[in-house]
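**Student:** just the structure for this:
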Amino acid sequence: MLKKLLTTLTVSLCLGGTALADTDIKFTLGWKTQGSDAPFLLAMQKGYFKEEGLNVTIDQGEGSAATVTRIMSGVYDAGFGDINAIIQNAATRPDEVPVMVYQLWSKPPFAIVSKKETNITKPADLEGKKLGGAQGTPTTRLVTVLGAINKVDMTKVAIENMGPNLQEPMLIKGDIDGALVFNITSWFNLINNRQDPAKDYNWLSFGDYGLDLYANGMMVSQKLVKENPKAVEGLVRAVNKAAKEIAGNSKAGIDAVMAYDNLAKEELELARMKFSYENLIVSPETDKLGLGDVDDARLARSIDIVAEGYQLPSKPKVEQIFTRQFLPPLAERKLDYKID
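**Tutor:** As a prediction, this is how the structure comes out:
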């Protein structure tokens, strides 16, 4: 089991040195190029991976949950994706699922966005409303858990399945009262549709109403953990260095994004990068634990929530989902957030 595997690596991790020379790593992003990918892209652009003896190839993704299945397929060694998808897959395929080694998003992006005139400001306001959600996404799957925790009669809430590309257009047209979204995606989709997400929309965050889940971070395959733990340690060290650098230098971050994909909208993705720090990364927990770490008790509660929401046949253990064994010392992970 993964716990035993990780335990056996303790001695090897203390021996010093970098990854095996010229180690090739295939890395998948969570989606198409976005400003929130900047820590990984900066680590590549500035040679931080190379300094660790790593030759990292970064590909665009197909969804933060798909990162998990891409790694499980053996095509990718590592990626940026959703820890909740690890939990889901660990319940049935514990020997194949990747492990989270650097938890970047401390706060969940899961939210219900609605026009202010609809007056959805708390879970109780969902009764009698029609919501639109993409089938299988965490926000859509967990809305019933949100309702149960907050004593909402979910039989009075209509949920229409739709493609994620239809959610904001249908919300704008008034075909639905609210959309079940990732805030970091929907906020900027609304801007692209000439809307003002701050002025004209309410955002009901799941994290504010009992579903205090973790979200995206860097995960790696069990195969890489077993065969080259120094590569994992180097990946984490490089990404941590880049994430800290971006916190004080937004230009470095967006320059790396544009160098990777010159078709990205620079102004929009710069704003998205800042949004990721201000709304998903920076938190009291990050101040205490530093970048990349989790609170074990909170993660255990998250596993309970995901197990209920997805009706999992078993509950994985915390140590199957996350390991801090590859994290740099706390002093090196303290975030001095001064992004301009």
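**Student:** switch to C-alpha atoms for all contacts and neighbour counts from now on
**Tutor:** OK.
**Student:** what's around the residue lying closest to residue 98 once chain neighbours are set aside, how many residues?
**Tutor:** Spatial nearest neighbour of residue 98, chain neighbours left out: residue 221 (4.4 Å); criterion: Cα to Cα, 6 or more residues apart in numbering. Residue 221: 23 surrounding residues under other Cα atoms under 10 Å.
**Student:** please apply the same query to the one 5 residues further on.
**Tutor:** Counted with other Cα under 10 Å, residues neighbouring residue 226 total 15.
**Student:** all strands of the stretch 1-150 of the chain, in order?
**Tutor:** 23-28, 54-59, 78-82, 99-102, 110-115, 130-133 (DSSP state E, counting those that start in this stretch).
**Student:** could you identify which of those strands is most buried?
**Tutor:** strand 78-82 (a mean of 29; mean count of other Cα atoms under 10 Å).
**Student:** centroid-nearest residue for the protein?
**Tutor:** residue 216 (1.3 Å; Cα atoms, centre = their mean).
**Student:** now for the closest residue to that one other than its chain neighbours: which residues touch it?
**Tutor:** Leaving out its chain neighbours, the residue that sits closest to residue 216 by Cα to Cα, 6+ apart is residue 82, at 4.2 Å. Neighbour list for residue 82: 64-65, 67-68, 215-217 [criterion: Cα atoms under 8 Å, 6 or more residues apart in numbering].
**Student:** just residue 291 next, same as before
**Tutor:** 102-104, 240, 333-335.
**Student:** hmm, back to that, relative to residue 335, how far out is the residue nearest to residue 98?
**Tutor:** Note on residue 221: its distance to residue 335, by Cα to Cα, to the nearest Å, is 27 Å.
**Student:** and of the strands of the stretch 1-150 of the chain, who's closest to residue 321?
**Tutor:** strand 99-102 (5.3 Å; Cα to Cα).
**Student:** so where is this protein shaky, pLDDT-wise?
**Tutor:** Scanning the chain with the threshold set as pLDDT under 70 gives 1-21, 339-340.
**Student:** just the buried residues of stretch 184-193, please?
**Tutor:** Neighbour counts over stretch 184-193 (16 or more other Cα atoms under 10 Å) mark 184, 186-190 as buried.
**Student:** would CSV of those residues with distance to residue 290 and secondary structure be doable?
**Tutor:** Converted to CSV, the buried residues of stretch 184-193 look like this (distance: Cα to Cα, whole Å; DSSP: H, G, I helix; E, B strand; the rest coil):
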residue, distance to residue 290, secondary structure
184, 22, helix
186, 28, helix
187, 27, helix
188, 28, helix
189, 31, helix
190, 32, helix
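**Student:** out of the residues you listed, who's nearest residue 225?
**Tutor:** residue 184 (30.3 Å).
**Student:** ok, that closest one - contacts?
**Tutor:** 109, 272, 275-276.
**Student:** show me the helices in the stretch 1-150 of the chain, by range?
**Tutor:** Using DSSP state H, counting those that start in this stretch, the helices of the stretch 1-150 of the chain run over 2-7, 10-13, 38-45, 48-51, 66-72, 83-90, 138-149.
**Student:** how about the stretch 201-340 of the chain?
**Tutor:** 222-227, 229-248, 250-260, 266-276, 284-289, 296-309, 318-321, 330-333.
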